[in-house]
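Asker: here's my sequence, what's the structure:
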Amino acid sequence: MRVKIIREISWVKAARKDYVGFPIEAQRAFRRALTMLAEGGMPEIAKPLSGFGSGVMELALRYQGDAFRLVYALQIGDDLWVIHAFQKKSTSGIKTPRPDIELIQTRLMRLRVQLKPTKTILN
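Answerer: Sure thing, here's the model as predicted:
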């Protein structure tokens, strides 16, 4: 019998706060996508986020003419980490705005340091 592994979904506190400001239907769509990811699947709205290395992805959702994004990391610890949630209001076309890129970089760096495994030396 095969056991289904489900990853825990963890949130950067500020990302969770921004996410709850999304319209309810957008939140539902993201919850479905995150559940699929936690169960090892790949939702249609998932795509790699370039410039951050492997394992950093985004969920991109169009809802009632607006663009919403959820950035998550798969390779930090055992959990699926939601790093950033934002409504995209880019004046630079399809690219993610620079302030959001910088915020994602900062949160990733802090999270990696916070969750860095410690080595125990046994005598």
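
Asker: going forward, measure contacts between C-alpha atoms and count neighbours the same way
Answerer: Fine.

Asker: got the phi/psi numbers for residue 42?
Answerer: With angles defined as degrees, to the nearest 10, residue 42 sits at phi -140, psi 110.

Asker: neighbours of the nearest residue to it once chain neighbours are set aside, how many?
Answerer: Using Cα to Cα, 6 or more residues apart in numbering and skipping residues adjacent in sequence, the residue nearest residue 42 is residue 36, 6.5 Å away. By other Cα atoms under 10 Å, 14 other residues sit near residue 36.

Asker: kindly report the same for residue 54.
Answerer: 12.

Asker: so how far is residue 72 from it?
Answerer: 11 Å (Cα to Cα, to the nearest Å).

Asker: equivalent analysis for residue 39, please.
Answerer: Distance, residue 39 to residue 72, by Cα to Cα: 15 Å.

Asker: neighbour-wise, which of those two wins?
Answerer: Between residue 39 and residue 72, counting by other Cα under 10 Å, residue 72 is the more crowded of the two (28 against 14).

Asker: helices and strands around the longest helix anywhere in the chain, which ones?
Answerer: For the chain, the helix with the greatest residue count under DSSP state H is helix 98-114. Helix 98-114 sits against strand 80-88, with contacts defined as 3 or more Cα pairs under 8 Å, 6 or more residues apart in numbering; DSSP states H and E.

Asker: quick check: angle from the strand it packs on to helix 98-114?
Answerer: Taking axes from the mean of the first three to the mean of the last three Cα atoms, to 10 degrees, one finds strand 80-88 and helix 98-114 inclined to each other by 170 degrees.
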